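Engineer: coords below, sequence missing:
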């Protein structure tokens, strides 16, 4: 049981590390925005795993906040990049 | 074996599967060549992976309040992930930073060039 949860936590942390690698490499800002979006989802998963591990459900509302506001960053970056190149 | 232990194990396995999907998606993020391929690898495993993780959480916590909260999270994720992916893809195509020779079919290019004239 705790082995499975530890393995899941390790996989999620590895995924966050790989996504951060792409944030550092990423040729354009759009790649970085995409990867930050993914990192927010991974953080949500890490919080959920931690709730299961500690059996303390008091941080459930944080998951709602993350899922509702996580996409704002990438959308605003996308708008900014698109607007700059528009021939107007 | 009692039902609660069985549900706990099912929840932990579902959580592990979701974490595995998130990891595969992150590997795809590092390895794939351009923005559209990376979006492919970012949105789908992340959405299904998060769904599995939250299913595992619901199977473990087992209260109606927690299940309602998790339904809100799943609904919000299902609504916002396509919006973010669409905006990123649109901006990426328009700013011309993606490599055109990696596209097999370019259905948008014709209409876009016509609109610009």
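Structural biologist: Alright, I've got the coordinates. Since this is a predicted model, take the numbers as computed values, not measurements. Residues are numbered from 1 along each chain as shown, chains lettered A, B, ... in the order given.

Engineer: For residue A:34, see how far away residue A:22 is.
Structural biologist: Distance, residue A:22 to residue A:34, using C-beta to C-beta, to the nearest Å: 8 Å. C-betas here are computed from N, CA, C, even on glycine.

Engineer: With neighbour numbers in mind, choose between these two.
Structural biologist: Neighbours around residue A:22 and residue A:34, counted as other C-beta atoms under 10 Å in any protein chain shown, are more numerous at residue A:34. The numbers are 30 against 24.

Engineer: what about the more buried one, distance to residue B:8?
Structural biologist: Separation of residue A:34 from residue B:8 (C-beta to C-beta): 35 Å.

Engineer: residues shared between the contacts of residue A:22 and residue A:34?
Structural biologist: Residues touching both residue A:22 and residue A:34 comprise B:29, B:38, with contact defined as C-beta atoms under 8 Å, 6 or more residues apart in numbering or on different chains.

Engineer: which stretches of chain A have low pLDDT?
Structural biologist: Counting by pLDDT under 70, chain A contains low-confidence ranges at A:82-88.

Engineer: hey, where'd the helices end up in it?
Structural biologist: A:2-25, A:29-54, A:60-85 (DSSP state H).

Engineer: so what pLDDT did residue B:90 get?
Structural biologist: In this model, residue B:90 is scored at 83, pLDDT.

Engineer: The one helix or strand it maps to to helix A:29-54, inter-axis angle?
Structural biologist: Assessed by DSSP states H and E, residue B:90 sits inside helix B:64-95. Note on geometry: by axes from the mean of the first three to the mean of the last three C-alpha atoms, to 10 degrees, helix B:64-95 and helix A:29-54 are set 170 degrees apart in direction.
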